[in-house]
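1. Let's see this in three dimensions:
(one chain, ligands or ions: 1)
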Amino acid sequence: MKRVAILISGGGSNMVRLVEDMQAGGYAAPVLVLSNDPSAGGIAKAERLGVPTAVVDHRPFGKDRAAFEAELLKPLAAAAPDVICLAGFMRVLTPAFVRPFAGRMLNIHPSLLPKYPGLHTHQRALDAGDAEAGCTVHEVTPELDAGPILGQARVPVEAGDSADTLAARVLTFEHRLYPAVLRRFVADNRETLFL
Ligand code: GAR
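-> Numbering: from 1, shown residues only. Sure thing, here's the model as predicted:
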């Protein structure tokens, strides 16, 4: 059975959906939830789901990304994952960290990539007057938010939307998309899934 590690920074709602889907479907084993933020709400949620957790606070490392990533690698290597899912992990990973996991690290991003890589995706979609927004699951490559797209869900922008209301609507689609893509990915299906 494929071993899956999940990296989070915050509430971890996508992580919860991934773990629940793996536990219900039995197609992969969640072996680690790893956070860069000790106050991430997702840590307690992972513990309640019976998944081992670890925290590597990025702040003591300042701008030294390599030193932070060396620490991050310790619990990750010990968990020996086959697949790594970034799920609301808000640190940019260096190419040196990403490369060894080429083809087995996924990310979910709250936009219809290649539109709006980076931050503030919902506000940017609203500012542009877009009629639809969405979310994307893609393979992680050294370039930020640019790897091969594995799944995408389109979500309507509604009149009166704020970045918060749009983010909340997109998040409900993230919760469907990410587990569906992971299921296919561990079965070696790399065809793009459109929801
Ligand atoms: C999600 O919307 C995810 O797409 C986004 O952060 C949120 C995390 O929510 N990720 C990024 O913006 C990555 N750059 P969650 O902690 O409840 O899963």
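2. Please identify the residues of this protein in proximity to the ligand?
-> Applying CB under 6 Å from any ligand atom, we find that the chain lies next to the ligand at 8, 10-14, 42, 87-88, 108-110, 135, 171, 174. Yep, even glycine has a C-beta here, placed from its N, CA and C like the rest.
3. In helices only, show me the residues you listed.
-> S13, N14, G42, L171, E174 (DSSP state H).
4. now those residues as JSON lines including pLDDT, distance to R190 and neighbour count?
-> Shown next, in JSON lines, are those (pLDDT from 0 to 100; distance: CB to CB, whole Å; neighbours: other CB atoms under 10 Å):
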{"residue": "S13", "pLDDT": "98", "distance to R190": "25", "neighbour count": "18"}
{"residue": "N14", "pLDDT": "99", "distance to R190": "20", "neighbour count": "26"}
{"residue": "G42", "pLDDT": "98", "distance to R190": "27", "neighbour count": "25"}
{"residue": "L171", "pLDDT": "98", "distance to R190": "25", "neighbour count": "18"}
{"residue": "E174", "pLDDT": "98", "distance to R190": "19", "neighbour count": "24"}
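5. Which of those sits closest to A80?
-> G42 (21.3 Å; CB to CB).
6. I figured that closest one was touching G11, is that so?
-> Yes - judged on CB atoms under 8 Å, G42 makes contact with G11 at a distance of 5.8 Å.
7. Which neighbours do the two have in common?
-> Common neighbours of G42 and G11 (criterion: CB atoms under 8 Å, 6 or more residues apart in numbering): G88.
8. Report how many residues lie close to the residue in the chain that the ligand sits nearest to.
-> Going by CB to the nearest ligand atom, the ligand is nearest to G88 of the chain, at 2.6 Å. Using other CB atoms under 10 Å, G88 has 22 other residues around it.
9. What is the burial count for the nearest residue to H175 once chain neighbours are set aside?
-> Nearest non-adjacent residue to H175, counting by CB to CB, 6 or more residues apart in numbering: R17, 4.5 Å away. Number of residues near R17 (other CB under 10 Å) recorded here: 19.
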